[in-house]
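From the sequence below, what's the structure:
(2 chains)
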Amino acid sequence: MSNKAPKPLAEAVQYCPTSAWKKIQNEAIVLLDVREDEEVEQLRFAVPYYLHIPLSQLEQRFHEVPKEQSVIVACLDGERSLKATYFLSYQGYQNVANMKLGLARWVEKGFPVIGDPELLKSGDASGNCWLLLLINIQQFSCILIVNPVAVFSNGVFVLANIC
Amino acid sequence: MKNIKVLGTGCGKCKNTLELIKQVAEQEAVQINIEKVEELPQIMAYGVMSTPAVVIDEQVVHKGSVPTKEQIATWIKE
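Below is the predicted model:
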């Protein structure tokens, strides 16, 4: 196993999607998408300098990320990309920042994407975040499985199962 | 005495790793200092992308899975 002494890291710089989009429009910033292949196939950021390296491959492929350019790292919700941001900092990248709230908020803001943003809103590309609601009305019981992302973004329930 | 850190953001495997190391140290009658590191910047300070990871005296000796009892015994007796 490798002998890696700890390298204290400064707190990661983070931008909201709006700030990131403004910077991307004005500067030659690389947007590094660390989502997995199947997620990117469905929907991805439409920006001039786009680079896709799944988080699962970043350890082997981080050399593909240009060191001379500023980099904003993104994923679906800003969690995986934060990890990637710290990893790149550890590897000596100085101009690297995380996009908070990721593609989910990017889409909400109406910023450009390639693919159908409705996939994200319907939960198909937003992970498995479901709530169980037990409803008992006048001796009629049922269980609703709802996607809260869809509820909050569309104002409608997405019913996966009723019993 | 060895200083051991288990790196991980709180998953079951990370907790299992911590408990397993304590268990093996007790079995082998080896005294250790052990702590769990859950903060991302502190984990990433070791350049570790896959957890759980085990750090002994500030050297990463294992990452990405729960180590075996045999591995742990070897580390703590070295």
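
and the residue of chain A found nearest chain B, what is it in contact with?
At 3.5 Å from chain B, A:Y86 is the closest residue in chain A, using C-beta to the nearest C-beta. C-betas here are computed from N, CA, C, even on glycine. Contacts for A:Y86 were tallied using C-beta atoms under 8 Å, 6 or more residues apart in numbering or on different chains; they are A:L9, A:A12, B:L40, B:P41, B:M44.

tell me what the helix ranked longest in chain B is packed against?
In terms of residue count, the longest helix belonging to chain B (DSSP state H) is helix B:12-27. Under the contact criterion of 3 or more C-beta pairs under 8 Å, 6 or more residues apart in numbering or on different chains; DSSP states H and E, helix B:12-27 touches strand B:2-7, strand B:32-37, helix B:69-77.

Just want the angle from it to helix B:69-77.
Here helix B:12-27 points in a direction 60 degrees away from that of helix B:69-77 (axes from the mean of the first three to the mean of the last three C-alpha atoms, to 10 degrees).

how much space between whichever residue of chain B sits closest to chain A and A:C75?
Chain A sits closest to B:M44 of chain B, with a gap of 3.5 Å, by C-beta to the nearest C-beta. Here the criterion is C-beta to C-beta, to the nearest Å. By it, B:M44 lies 15 Å from A:C75.

Also A:V47?
Distance from A:V47 to A:C75, by C-beta to C-beta: 15 Å.

which of those two has more neighbours?
A:C75 (25 against 22; other C-beta atoms under 10 Å in any protein chain shown).

Which residue is the nearest non-sequential neighbour of that one?
Closest residue to A:C75 apart from its sequence neighbours, by C-beta to C-beta, 6 or more residues apart in numbering or on different chains: A:S81 at 4.1 Å.

contacting residues around that neighbour?
By C-beta under 8 Å, 6+ apart, the contact list for A:S81 reads A:L32, A:V34, A:V73, A:A74, A:C75, A:N98, A:M99, A:G102.

ok, and the most crowded of the residues you listed?
Within those, A:V73 tops the neighbour count with 32 neighbours, counted by other C-beta under 10 Å.

contacting residues around that one?
Contacts of A:V73 by C-beta under 8 Å, 6+ apart are A:L32, A:V34, A:S81, A:L82, A:A84, A:T85, A:L88, A:V96, A:A97, A:N98, A:M99.

Can you tell me the closest non-neighbouring residue to the last one?
Right, A:M99. Residue nearest to A:M99 in three dimensions, not counting chain neighbours: A:A74, with 4.1 Å by C-beta to C-beta, 6+ apart.
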